[in-house]
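Asker: Sequence first, then the predicted structure, then my questions.
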Amino acid sequence: MKPAPFAYAKASTLEDALSLLAEHGDDARILAGGQSLMATLNMRLSAPQVLVDINRIDGLAGINDTGDALRIGAMTRHSDVETSDLIAQHAPLIAAAVDHIAHPAIRNRGTFGGSIAFADPAAELPACAMALDATMHIAGLNGERDVPAADFFEGLYETAIQPGEILTGVSIPKIADGWKSGFMELARRRGDYAIIGIAAQAKFDGSTFGDARLVYFNAGDRPVSTPQTAALLNGQGWSDDMAEKLAASLKRELDPPDDLNADGPMRKHLAGVLAKRVLGPMAGA
Amino acid sequence: MNEVVADRWILDRPNSYIGRSVPRPNAPRLAEGRGTFVDDIELKRMLHATYVRSPYAHARIKSIDPAAAKALPGVVAVVTPQEMAKIHDPWVGVLTHLEGIKSAPQYALPLEKATWQGEAVVAVVANTRATAEDAAALVEIDWEVLPPVTDAETATEGETPLIHNDLGDNQAWQRKADFGDVDAAYADADHVVEETFVFGRHTGVCLESRGLVADFEPSEEQLTVWHNNQCPHMVQNILADKFRLEEHKVRVITRDVGGSFGIKVHTYADEVATVGLSIMLKRPVKYIADRLESFVGDIHARDHRVKGKISVKNDGTITAFEIDDLTGIGPYSMYPRTSGIEANQVVNMIGGPYRFDNYRAVANVVYQNKAMMCQYRAVGHPIKCAVTEGLVDKAAKILGMDPAEFRQKNFHSDDSYPTKSAQGMPFENLSHEECMKKMLEAMDYNALKADRDAKRKDGIYRGIGFASFIEVTNPSAMFYGVGGARISAQDGATLRLDAKGNVFISTGATEQGQGMEAVISQVAATAVGVPPERLKIITGDTEHTPYGGGTWGSRAAGIGGEAVAQAGRQLRVQILEAAAAMLQEDASTLDIRNGVVVDTDTDNERISLDEIGRICYYRPDTLPDGFQAELVATKHYVPRKFPFAFTNGAQASYLEVDVETGFINLINHWCVEDCGTVINPLLVDEQIRGGVVQGLGGALWEECLYDDQGQMLNANMADYLVPMAAELPDIECGHAVSPTSDSDLGAKGAGEAGTCGAPAAVMNALNDALSPFDARMTSMPFTPKKVLQALNKI
Amino acid sequence: MDMYSDITLTVNGESVTRCVESRTNLVDFLRYELGLTGSHVGCEHGVCGACTIRMDGRIVRGCLTLAAQAEGAEVWTIEGVSETNEIRPLQKAFVERNALQCGFCTPGMLLTIAELMERKPDASREEIREFISGNFCRCTGYQAIVDAVEIAREKGANS
């Protein structure tokens, strides 16, 4: 089970990487952490002609405090996110999510940006980015542009990153006073992709929800936000009735796919269970 | 009262190592990454093979165009089925004692059609594995896709296409059994309880995949194969036979093996083909199955649907069992063990722990276009155990009896041996009562029940489940040999004293990681009278070990170990004869203890083994006239009194069901078993634990999922869920000890007991947890989806 | 840029220079170019953990890292950490507790645990199980491995 032959190019600067992408077009793939890409190459599910390795580009890794937000460099390894004090302090949702990503050896190599750019609908970080209104920083030969998370995920493994562009980082607004996060996923085994998971963020006035966002992963072809269900929470506190209302609303709002572990109806059911288990405690219930 | 006819001399030896947790001599090497697994072997001019595998479950090969593949630089050969068939004979996986079993001739590469998705069809050989894979992608095969047979339930119906026309139908075998009078028992019973059980198809997933390096030397017609098979002598025989070679010119070497569990005990077509490639090319050829190939190329196991019945009286007496078993085994019966044995075991062992006289069974074994099925750890045992114990639990519930108490009432009592099962299987000496009693104590059963009941009031659903079981170990020639398979049931051991007073041991048993080398060293050290560090163990080489069966059927310790015990005693006698000649003593007054010849009565040291070695090898002229020292001893052993040494045990599971998500959390697991003489408690417990976890895998996670076109849907490690550390409980082990009188050592097998009982214990615990609901689950694996369906949540 | 890559790296403390096919992954490079066959190949898609090695101080999957990416890196394999005695107490505990059976997962398991003991020296049994949850062992059922970590830790603390 060896990959088909490919050429390997190590980019030393962002410009270098962008010009390699420009040169090779569709034949090239970016090699970030490689924890998904390498597996697909080994299985010959994909056979690019050229891999452009962006691991050695200075400045693409690291977590910086930019005032109201944290900028997480695309090449920041999951394990560095996991142990970051800045993340723990300002992005508790990310902190809660990151150690659910695979296993230590994968987290040592896999990157924050790689997870976002790969846009696996079952992955944790894209859903968190949606729930947090993150901003994606995308570089091209013509400069850098920003795309809000809500516009970034366009479909199954599809994002707003255009051919020839590279995701350079993600800005996560710092959690503000009165806001709380919630995260939970249901995976058959620790580190597996979840059957379904939830990333939630809400502002609280006492125990009353405001501006709630619920984003599910492995519930569609991309991270799935459920604004109609979230709206039921706003201005309300937690109750058993609320749990039932949310579950009923989620059954209408979600249209999750079938796979080997679960079908759509099971995912809808579990979405309601997750809402109850995450949102109740967030409200202090 | 048990008649002990064996001489337990070895248990009474001074300085005995039997029963001690001696560390494994080969473990430090493995812990430093210094093992030699097949893929670690590199030979000069070695080539690498890979195979073009069928993308279809059932398809005729219309034509093969290898031109583009052959043209790729680095490619040495592309070999079609027709080319391969010229140099070997096909094989047919039948045994005469499985009356009526039939199968089609199987070739290294299939001549006319592929009969499962993943079957190797064309061989590609290149300088590197990567290049071979590049070339394999260029081989063009024109297929005529045929309708596949996938559903075992309809495999033998008239409309279903035939997999092998010459066989006339898709039925591989049917076994029927009828003992006592089941209908009369039903008529007389207070309750006849029925249940249907489903066991998913799963597979072994040895972390080291199957592989071999075949090296044919044409001038001497010598074939050497480095192979990670469990049975080197069996492989030697089969390769010689199928390639028309002289058997003494086929050498099979098994070095370290990365787990086998029954997966590496069969004749795999792609491995035979690799040997053929070496013969054709006259060069060493390596083939290592990659993980994707392993999922469709390794044998699968289980995949049974069993309709079961039990009849009971209101006083709690079991009066009859009945089963109807159906299993689909893929397109051929596996050679040489056949794919009928699993169903045979189920039929033979239903109801094993319990007294009852009436039994009826039918088992239908059918062909289908899925990966081949055959024997995997605890062959048939998890099935017969779960069916038996599931029925027993359901009957106890209907009778309103405690499940432990109901079992205890019906066990063959510990003082009733020797006895026979309803099927006529002889039980030498079992200990169901003792095992259950010890386990209930270990569990603190009453406290556990109180905990379960208290938590239910808080909406936490926990369950306790039991499984008592019997297990076949130490198989005699009645298992395979009687049916015509050239699989050795006996094992040999040769012990040799070297000139420095150390002992070389060659054994036909093989090491797969279970700790066989430690067991052999303990037995030899005890039998001869030397410390284990003075032993060197040689295994897994048909040129250097006595003929033996290798490792399967929980036999290595009980059979291979006994041969070593006998050879060790014989060597001791021979050494003492030499010592007696040197010391002018009567040999019967001497013994060997801790590597020194001593006076038996006083323990006074007389002469060291290295001095004996020195004199015998360098100064034999100083020995008395006419005395020739013989410092090599060989003994062979095969069980003769019983066809198998049945073992027994009990397991219990305590688990919690999340009734909203369907997730099952394993809290505790217990196993108390009886493998006779425990040679190494540490190793036995770890065999139990590892076995339990393989059983848990089948109960909760593992299943080879197929669609109706015969495509395996989860043939990778991300989607086929093996048990990993975070989901597993600690497992508490205990023992009863009922040695077999068939050997002096008295050891029975321990390798499969864990796998046998764990699924049943989990199933019963799950149903206990679900008992407040109108839900009952009998289809493994018990996935969250099935749990939610059973609870009508989805 | 080529189908081949020239690489220089340090493996188990020794400098190594080779020209490799760019598609060669790190574990194949270690095994077949350098003969360091202690790192094993179990799945080649990043799930089983048998190929776990240490690169620049952290464990990585050898099958999901290209040899070309190890240019300039410091790589340690089971052979290296055995010879330096770095993980000797852990290896001894594995042998004593029979935490390995076939030994195929063991090198990857040991390197994973070495990182656990550094990062989470007080890990509970549950945390140990979580940390090794990406390393498949078919033989032991894992309990002996968890025990061995505790034994090694105890002996380390007492030494």
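Answerer: It's in.

Asker: where does A:Ile198 land in three-state SS?
Answerer: Classification of A:Ile198 using DSSP: H, G, I helix; E, B strand; the rest coil returns strand.

Asker: show me the contacts for it.
Answerer: By Cβ atoms under 8 Å, 6 or more residues apart in numbering or on different chains, the residues touching A:Ile198 are A:127, A:182-185, A:214-217, A:271, A:274-275, A:278. Where you see a C-beta, it was placed from the backbone N, CA and C, and this is true even at glycine.

Asker: Next, the residue in the stretch 151-300 of chain B positioned nearest to chain C: secondary structure please.
Answerer: Nearest residue of the stretch 151-300 of chain B to chain C: B:Gly258, at 3.3 Å (Cβ to the nearest Cβ). Look at B:Gly258: counting by three-state DSSP, its state is coil.

Asker: same check, this time on B:Arg456
Answerer: B:Arg456 - assigned by three-state DSSP - is helix.

Asker: hang on, the earlier thing: once you drop chain neighbours, what's closest to the residue of the stretch 151-300 of chain B closest to chain C?
Answerer: B:Glu208 (2.2 Å; Cβ to Cβ, 6 or more residues apart in numbering or on different chains).

Asker: Could you report the separation of that neighbour from C:Thr37?
Answerer: Per Cβ to Cβ, to the nearest Å, B:Glu208 is found 12 Å from C:Thr37.

Asker: what is in contact with these two at once?
Answerer: Common neighbours of B:Glu208 and C:Thr37 (Cβ under 8 Å, 6+ apart) are B:37, B:39.

Asker: which one of these two has more residues nearby?
Answerer: Applying other Cβ atoms under 10 Å in any protein chain shown to B:Glu208 and C:Thr37 shows that B:Glu208 carries more neighbours, namely 30 against 23.

Asker: domain assignment for chain B?
Answerer: For chain B, the structural domains run B:9-35+B:490-637, B:38-146+B:206-297, B:300-474+B:643-790, going by automatic domain parsing.

Asker: Turn those into a markdown table, columns for mean pLDDT and distance to A:Pro256.
Answerer: Output for the domains of chain B, formatted as a markdown table (pLDDT from 0 to 100; distance: least, Cβ to Cβ, whole Å):
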| stretch | mean pLDDT | distance to A:Pro256 |
| --- | --- | --- |
| domain B:9-35+B:490-637 | 96 | 42 |
| domain B:38-146+B:206-297 | 98 | 27 |
| domain B:300-474+B:643-790 | 97 | 13 |
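
Asker: got TSV for these, with distance to B:Asp169 too?
Answerer: Output for the domains of chain B, formatted as TSV (distance: least, Cβ to Cβ, whole Å):
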stretch	distance to B:Asp169
domain B:9-35+B:490-637	31
domain B:38-146+B:206-297	9
domain B:300-474+B:643-790	9
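
Asker: and among those domains, the most buried is which?
Answerer: Sort those by mean neighbour count, taking mean count of other Cβ atoms under 10 Å in any protein chain shown, and domain B:300-474+B:643-790 sits at the top with a mean of 23.

Asker: Next, see if that domain gets close to chain C.
Answerer: Yes: Domain B:300-474+B:643-790 is in contact with chain C by Cβ under 8 Å from any Cβ of the partner chain, via B:682-683, B:686, B:689-694, B:716-718, B:722-726, B:728, B:730-731.

Asker: tell me the contacts of the residue of chain A found nearest chain C?
Answerer: Residue of chain A nearest chain C, by Cβ to the nearest Cβ: A:His103 (2.5 Å). Contacts for A:His103 (Cβ under 8 Å, 6+ apart) come out as A:191, C:49, C:133-135.

Asker: okay, it: pLDDT?
Answerer: With respect to pLDDT, A:His103 has a value of 98.

Asker: quick one, domains of chain C?
Answerer: Split into domains by automatic domain parsing, chain C comes to C:4-81, C:87-158.

Asker: Tabulate those domains in JSON lines, adding columns for distance to A:Met43 and mean pLDDT.
Answerer: JSON lines is the format used below for the domains of chain C (distance: least, Cβ to Cβ, whole Å; pLDDT from 0 to 100):
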{"stretch": "domain C:4-81", "distance to A:Met43": "6", "mean pLDDT": "98"}
{"stretch": "domain C:87-158", "distance to A:Met43": "18", "mean pLDDT": "96"}
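
Asker: Out of the ones you listed, which is closest to chain A?
Answerer: Of all the domains of chain C, domain C:87-158 comes closest under Cβ to the nearest Cβ, at 2.5 Å.

Asker: Please see if the closest one touches chain B.
Answerer: Yes: judged by Cβ under 8 Å from any Cβ, domain C:87-158 comes into contact with chain B at C:91, C:94-98, C:100-107, C:110, C:125-126, C:128-130, C:132-146.

Asker: Narrow the residues you listed to just the buried residues.
Answerer: Of all those considered here, the ones buried according to neighbour count by 16 or more other Cβ atoms under 10 Å in any protein chain shown are C:91, C:94-98, C:100-107, C:110, C:128-130, C:132-146.

Asker: returning to what we had before: now, the residues of domain B:300-474+B:643-790 next to chain C that are in helices?
Answerer: Residues from the residues of domain B:300-474+B:643-790 next to chain C lying in helices, with DSSP state H as the criterion: B:682-683, B:686, B:689-694.

Asker: mind listing the strands in chain A by residue range?
Answerer: A:7-10, A:28-31, A:50-53, A:63-65, A:69-73, A:135-140, A:143-148, A:153-155, A:158-159, A:166-173, A:179-186, A:196-205, A:208-217, A:224-225 (DSSP state E).
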